[in-house]
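Colleague: the sequence isn't on hand, but the structure is:
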């Protein structure tokens, strides 16, 4: 909202609002996604409903299309694409999950 209020010319160019790890997921998979534990901190979410809050988003003058698809922490939200695989050495098709906290991330990696 700071950008909207102080740099409106930049705000007008926004296509997606992503957290840093969501941007990495996008680069790995091509998917615009976030997971609920991170999304809840963005203050745009109806937490009990596990979805973006239409009321909050509209009051802030945002469009829901600017936000990624919501996933639970353990859900697969994409797979490593061919291009990312060629750059990183990761295997194409490797599942990508959101994770939440160190313990959840450890479990997610071990399960893969």
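Modeller: Looks like it came in fine. It should be emphasised that the depicted structure is a prediction, and the values quoted were computed from it without experimental measurement.

Colleague: which strand or helix spans the spatially most central residue of the chain?
Modeller: By CA atoms, centre = their mean, the mean C-alpha position of the chain lies nearest to residue 34, the distance being 2.4 Å. Assigned by DSSP states H and E, residue 34 belongs to strand 33-35.

Colleague: note down every partner strand of that strand and its orientation.
Modeller: When pairing is defined by DSSP bridges, strand 33-35 lines up against strand 69-71 (parallel).

Colleague: looking only at pLDDT, what's the mean for the partner strand?
Modeller: The average pLDDT within strand 69-71 is 95.

Colleague: which residues sit against it?
Modeller: 31-36, 39, 45, 50-52, 77, 97-98 (CB atoms under 8 Å, 6 or more residues apart in numbering). Where C-beta positions appear, they are placed from N, C-alpha and C, glycine not excepted.

Colleague: ok, now with 6 Å
Modeller: By CB atoms under 6 Å, 6 or more residues apart in numbering, the residues outside strand 69-71 that reach it are 33, 35, 36, 39, 77, 98.

Colleague: can you tell me the SS state at the fourth one?
Modeller: At residue 39, secondary structure determined by DSSP: H, G, I helix; E, B strand; the rest coil is helix.

Colleague: what stretches of the chain score poorly on pLDDT?
Modeller: Scanning the chain for pLDDT under 70 picks out 100-112.
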